[in-house]
Every structure is written in C-alpha cells, then in structure tokens.
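# coordinates for the following, if possible.
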Amino acid sequence: MARLRIDNRTARALWLTSHGLAQVPTGPLDAMGLIEQLGFVQLDTIQVISRAHHHILWSRNQNYREPMLDRLLRDRRQVFEHFTHDASVLPMTFLPMWQRQFRRKKEEVGRSNWFGKHLDADLIAEVTRRITEEGPLSTHDFETKVAGEKAMWQRPPHKMVLDYLWYAGDLATSHREGFTKYYDLAERVFPQDVPIYSDEEQIDQLCGAALERIGFGTPGEVQRFWEACSAAEVKAWATRAADALVEVEVQGADGAWNKALACADIEARIEALQVPTSRLRILNPFDPAIRDRARLARLFGFEYTVEMFVPAAKRKWGYYVYPLLEGNRFVGRIEAKGDRAKGTLTLTNFWTESERLHTPKRAAKLEAELGRLAKLAGLNEVVWAV
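Sure thing, here's the model as predicted:
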C-alpha cells in the first residue's frame, strides 16, 4: 500500500495547528487546555521581556497573564514540574506515565560526576527532615556553601541535594515566588491514587502522546519530544503500535520527501485544516513548535539558532532573538528587551528573511504585536530603536 504523501504547505498547516499556532490567539482562555494540547511547557530563567513559559502560553491565547501558571501549580495542583528535554511544566494527568522518568533521572543524576560527590547521605537526610517538619522550602532556606574556588554552574551542596531529590520524584515543586522554586515532599504535592503501569505501558503512553501532539514525525522526533525514552524503546513501541500508525511521506521546504509516522486520524486532520492566520506572531526561542532546529529548517526553510551561550563576538544575530511567524512561514526575527522599572519594551533589531519582506505593512503588524506582547509583561510603552 502506497504511503500517504503530505505536501509541504499541508505539512506546515498541520504542524502549526497541532501546536496551537494556526488560529488567531484570542477568545476564551483555557490555560490548562493549552498545556494539555502542547504536552509540556518549557521553563526558563531568562527574562528578557517575559519568561519562556509565560510567552509560550501567551502565543496561543493573548488573554494569558503571568500569574496564571502558578495558580495551576500552587492552588489547583493541575500541573507539575519535572524534566523532559529540559525543566518543564506538565499536566498532572501525565503523572502515571512519568513514574519511570523519575527513576531514570534518579539513576542518571546519581551516576553523574556533577552530582555524585555532593550527594552526602547525611545531607540528604537533613534536607528531607527539614522539609518534612517545616513544609515547602527554597534553596535560600539552607546555608551550605560551595567549597573551594567557585566555577560556572557550580551549586552549593544543599542545592545539589534538592535537585537530586526533585529529579528522583521524592520532592516536587510546591510553588514559585517570582522564579524561586519551593520544594515539598512529593506525597504532599502529587495525588496518591495514581494508577500503576508497567514500564512498557508507560513507554507506549509517552510515545503515543508525543505523536498525538506533533501529528507526524520520525521515530527520532517522537523520542526527542519528551526525551523520556531511549531510541530503542521508541523503535520497539513503533513495532507494537504499527496497526495504529500511518506511514507517510512529508515534503520539506526544499521539495524533498522524507518518511515519517503519523497518528491514526491524520487524514481527518488534513481534511479539517484551515488556512493559518496571517497575523504576525512573535515566538519565544524555546517555543515547542521550533525547538527542533533541524525540523524547523526542513519544514519551513528557516535557519534558527539560540545564541545566548555563544560569545558576543561570534553571534550572527544576537543574545535573545525572537522568530516572527506570519501565516505558514517565518518571515523574520527581532531583538527586543523589556524594562519593567521604566515600563518600556524596546525593539533594538528587526530583520526580515529577504528585503522584499521588509514592508510598511509588515512593520505595522510588528508594531501592533509588540504592543500586545508589552501587555503580557506589564509594560506600557513600545520604543523603536532601529
């Protein structure tokens, strides 16, 4: 039987629809529904305008505001924090399929040289005792110090222990104040009636949930969605689930065709597609739709690299550069910075992918979107410095 072929325009529309970026980002807000749709929202410490997790949710519905995520975590316990490819917020409904990931991360972290020498049994017991007796604590509630000369990324022993116990699922994020994480016993944060599944069942759920959220992808892309399974485990899942998967060929931006797997309802999804909104969107560098840079280039012909950790002299674009999505294509990128003390959002650079895209109409669209993004960060003035 011939594989279903998905042309590039359709593939782009499918991708944007799956990631909640095809529709106009307005209307009634269901923040929890957005997180369920995406599967996870990456957390990040860097605040240039608004932190990544807030920006990602705002991109799907611009009625979102920054305090809303903590309410889901602290008050409603509808989400939890843990490690996918990076620190992320996940729906609490995913907890049953996350049990082996706690174990995997505990083993991985325990073996690492980074954590190993700091995982003193007495300190682990002391940290656990204090949280048990005192309730949620942050790293600021402990006083151990880094021994010897400080190095980049080095952490005091108590911070290493807190993170180890968090990776292991013994501690959980209770809430955040600003971006400061408070740790509590997992049993006081997580529901205790979680169904128990075998490792194989959890792998099947993880892979199925990943493909459901991306619509189509290679086994490697399914594996990289969570980074909670090995490549061999994903391959075994694909064999077990073969009857529920659709083999497809997907056309890239360069016209080349690549084999992939698709979810069972892929033809119905294609039938239901609508033309993506032409509204200009400012995406966060950590948006899940663009996280896989190779796939982004293959589907959209858009080359994009995060340069935060590249020395300034070697950057092609800038420290924190936002891609611009319009319709089904990426038309440019900007560099901008928010100043909450002054209440300003300043645009410092604006590039389009070609000179012909640099039009007054597109600049006006950008100005309007900058004004909307400013509201997310509580800023009241947009300044063009270009």
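# quick one: contacts for residue 219?
By CB atoms under 8 Å, 6 or more residues apart in numbering, the residues touching residue 219 are 231, 234, 235, 238, 261. Quick note: C-beta positions are derived from backbone N, CA and C, even for glycine.
# swap that for residue 32, sorry
Counted by CB under 8 Å, 6+ apart, residue 32 has contacts 72, 78, 79, 91.
# tell me which helix or strand it sits in.
Residue 32 belongs to helix 31-38 when assigned by DSSP states H and E.
# nearest the geometric middle of the protein, what residue?
With distances taken as CA atoms, centre = their mean, the residue of the chain nearest its centroid is residue 42 (3.0 Å).
# follow-up on the earlier one: identify the farthest-apart pair in the contacts of residue 32.
Pairwise distances across the contacts of residue 32 peak at 9.2 Å for 72 and 91 (criterion: CB to CB).
# can you list residues touching both of these two?
With CB under 8 Å, 6+ apart, residue 72 and residue 91 have common neighbours 32, 35, 78, 79.
# any idea how far the second one is from residue 88?
Spelled out, it's residue 35. According to CB to CB, to the nearest Å, residue 35 stands 10 Å off from residue 88.
# the first one too?
In this structure, residue 32 lies at 15 Å from residue 88, with CB to CB as the measure.
# what residues does the helix or strand of the chain with the lowest mean pLDDT touch?
Sorting the helices and strands of the chain by mean pLDDT, DSSP states H and E puts helix 113-116 at the bottom, at a mean of 70. Applying CB under 8 Å, 6+ apart, the contact partners of helix 113-116 are 109, 110, 160, 163, 164.
# ok, now stretch 44-55?
Contacts to stretch 44-55, defined as CB under 8 Å, 6+ apart, come from residues 41-43, 58, 64, 66, 69, 86-87, 89, 179, 284-287, 308, 319-320, 336-338, 345, 373-374, 376-377, 379.
# one step back: from the contacts of helix 113-116, which land in helices?
Among those, the members falling in helices (DSSP state H) are 109, 110, 160, 163, 164.
# from residue 171, how far off is the last one?
What it means is residue 164. Residue 164 sits 9 Å away from residue 171 when distances are taken as CB to CB.
# would you list the shared contacts of residue 72 and residue 91 in CSV and tack on pLDDT and distance to residue 212?
Supplementary listing: these in CSV, determined by pLDDT from 0 to 100; distance: CB to CB, whole Å:
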residue, pLDDT, distance to residue 212
32, 98, 17
35, 98, 14
78, 98, 19
79, 98, 18
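# only whichever of those are buried, select them in PyMOL.
The buried residues among the shared contacts of residue 72 and residue 91 can be selected in PyMOL (16 or more other CB atoms under 10 Å) with this line:
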select buried, resi 32+35+78+79
